[in-house]
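Participant: A structural model of the following input is requested.
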Amino acid sequence: MRMLVMFDLPVETGEDRRNYRKFRSMLMKNGFVMMQESVYCRMVVNHTVESAVIETIKKSKPPRGLVQVMSVTEKQFAKTVYIVGDSDRDVIDSDERLIIL
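Facilitator: Residues are numbered from 1 along each chain as shown. So this is what the prediction gives:
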């Protein structure tokens, strides 16, 4: 399963920018990789892990802005269509159970 975190955070003041950096840093420390600006994804093995990650995000949420989390299956994620640009090779987009890197 893939978790997608999409956010739109204000960066008007110094405190807003600091909150943005802290939130983005927390995502990367928790295994998320950037798919595109303000969209990060991470693999999770089951709903228990998904719930734990959501709780971590809730604890680290910035005071202002919009943060959304969406989960999709690997099969759904593998069907991502790229209209313009190429996929990031850091993101594994296969629905295979065994992936050798």
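
Participant: contacts and neighbour counts: CA atoms only from here.
Facilitator: Noted.

Participant: any buried residues in the host helix or strand of Ile57, and which?
Facilitator: Using DSSP states H and E, Ile57 maps to helix 47-59. Residues of helix 47-59 classed as buried: 50, 53, 57 (neighbour count, 16 or more other CA atoms under 10 Å).

Participant: ok, these vs Lys75, which is closest?
Facilitator: For the buried residues of helix 47-59, the residue nearest Lys75 by CA to CA is Glu50; the value is 17.1 Å.

Participant: where do the strands of this structure begin and end?
Facilitator: Applying DSSP state E to the chain gives strands spanning 2-8, 33-36, 39-43, 66-72.

Participant: in TSV, list those along with mean pLDDT, distance to Glu15 and mean neighbour count.
Facilitator: Formatted as TSV, these follow (pLDDT from 0 to 100; distance: least, CA to CA, whole Å; neighbours: other CA atoms under 10 Å):
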stretch	mean pLDDT	distance to Glu15	mean neighbour count
strand 2-8	96	15	19
strand 33-36	92	23	16
strand 39-43	95	22	20
strand 66-72	96	16	13
